[in-house]
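S.K.: quick one, structure for this:
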Amino acid sequence: MSDARLEVLGASMPFAKLVGLNFIDADKARVRATVTVGADHCTAGRIAHGGFLMTLADCAGAIGAFLNLPEGAKGTTTTESKTNLIAAAPVGSVLMVTAEPVSIGRRLQVWQTRIETAEGKLVALTTQSQMNL
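M.R.: Residues are numbered from 1 along each chain as shown. The predicted structure is shown next:
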């Protein structure tokens, strides 16, 4: 996907921009983005807040679901999300967010998102359901 198209996708989700999520590629089979953990993204101990990590996964999965909408659908919405928080991500950490489809259906999509450090250490794993609208 072109850089211009990625900019448009990112702009369609202002909250993703607010938290600093930068989409680096996106297609029907995978969405990848990066973010640097800032002080405003942290909880006690200067580590990434779980809600911040869940936001990253929700944004990436939603973009993937949007790219896979069936003809005639108008959008998508998250109906369920489950995140396992595996390891801490200290302030300053660069995170890679990778969302891939588990199932693409006419009415429901399931996406799994891995959030890893730049070194490849798993920080969080999210599985979410997206309803096609």
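
S.K.: mind listing the helices for the protein?
M.R.: Under the criterion DSSP state H, the chain contains helices at 3-11, 14-18, 50-67.

S.K.: tell me which residues are up against the shortest one.
M.R.: Outside of helix 14-18, the residues that reach it under the criterion CB atoms under 8 Å, 6 or more residues apart in numbering are 10-11, 23, 33, 55, 59. Every residue, glycine included, has its C-beta placed from N, CA and C.

S.K.: tally up the residues packed near Glu71, please.
M.R.: A count of neighbours around Glu71, defined by other CB atoms under 10 Å, yields 4.

S.K.: quick one: closest of the helices of the chain to Ser81.
M.R.: Evaluated over the helices of the chain, closeness to Ser81 peaks at helix 50-67, with 6.1 Å, by CB to CB.

S.K.: tell me the angle of the closest one relative to helix 3-11?
M.R.: Angle, helix 50-67 to helix 3-11, by axes from the mean of the first three to the mean of the last three CA atoms, to 10 degrees: 130 degrees.

S.K.: one step back: JSON lines for the helices of the chain, including mean neighbour count, distance to Thr83 and mean pLDDT?
M.R.: Formatted as JSON lines, these follow (neighbours: other CB atoms under 10 Å; distance: least, CB to CB, whole Å; pLDDT from 0 to 100):
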{"stretch": "helix 3-11", "mean neighbour count": "13", "distance to Thr83": "22", "mean pLDDT": "78"}
{"stretch": "helix 14-18", "mean neighbour count": "13", "distance to Thr83": "17", "mean pLDDT": "92"}
{"stretch": "helix 50-67", "mean neighbour count": "22", "distance to Thr83": "5", "mean pLDDT": "97"}
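
S.K.: dump the ones you listed to TSV, plus distance to Ala89.
M.R.: Below are those laid out as TSV (distance: least, CB to CB, whole Å):
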stretch	distance to Ala89
helix 3-11	21
helix 14-18	17
helix 50-67	7
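
S.K.: pull out the buried residues from stretch 98-108.
M.R.: 98-99, 101, 104 (16 or more other CB atoms under 10 Å).

S.K.: and the residue nearest to Ala48 when sequence neighbours are not counted, how close does it get to Leu95?
M.R.: Excluding its sequence neighbours, the residue lying closest to Ala48 (CB to CB, 6 or more residues apart in numbering) is Ala89, at 4.1 Å. Separation of Ala89 from Leu95 (CB to CB, to the nearest Å) stands at 6 Å.
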